[in-house]
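# Have a look at this prediction, sequence included:
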Amino acid sequence: MTSPTPAETPVKSIVIASDHAGYRYKRRIIEYLTKEGYQVEDMGTDSTESVDYPDFIMPAARAVAEGKYTRGIVLGGSGNGEAIAANRIKGVRCAVCWNEKSARLASMHNNANMISIGERMVSLHDVYEIIDIWLSTPFEGGRHARRIEKLDE
């Protein structure tokens, strides 16, 4: 029997981390998710003072890979560096999401257990939509599962 996919496992806990450029959205997302009933763990950073994103993103990704959290959200200016950092951790599938369609496909086709969002790229209103869609869209499996298994080999 294979382990459950994120879509089959109820999302109970979400880890979130950012660099300085994603800090403002991170605070707002924590408030939003908490109001929606999620347990959210903030792994930093704690201000808009310049930091190196791997110092915060990689520990969050490790926590998802180790199963301490069901899902993870990372933020930066563009979201690209943060996704690259998260994807260095085996077992993490972090997708950069910039709109509803990219969020839907991240879950549906890529079984993404983390998403990365660029604060300089997406409106806060769209961020909430992206997160809701990512959390609620099931993984299709089928041909996509075969591809994910190849990534995990």
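Cool, got the structure. Numbers count the residues shown, from 1 in each chain.

# which regions of the protein lie under the pLDDT threshold?
Low-confidence segments of the chain, defined by pLDDT under 70: 1-11.

# Show me the helices in it, by range?
Using DSSP state H, the helices of the chain run over residues 23-35, 54-65, 80-87, 100-108, 124-136, 143-152.

# Distance from the chain centre to the third one, please.
Its chain's C-alpha centre and that of helix 80-87 lie 10 Å apart, by CA atoms, centre = their mean, to the nearest Å.

# between it and helix 54-65, what angle do the directions make?
40 degrees (axes from the mean of the first three to the mean of the last three CA atoms, to 10 degrees).

# And helix 80-87, what's buried?
For helix 80-87, a neighbour-count test (16 or more other CB atoms under 10 Å) marks 81, 82, 83, 85, 86, 87 as buried. The way it works is simple: take the backbone N, C-alpha and C, and place the C-beta from them, glycine included.

# circling back: for residue 44, which of the helices of the chain is the nearest?
Within those, the stretch nearest residue 44 is helix 54-65; the backing value is 4.5 Å (CB to CB).

# Next, the buried residues of the closest one.
In helix 54-65, counting by 16+ other CB under 10 Å, buried: 54, 56, 57, 58, 60, 61, 62, 63, 64, 65.
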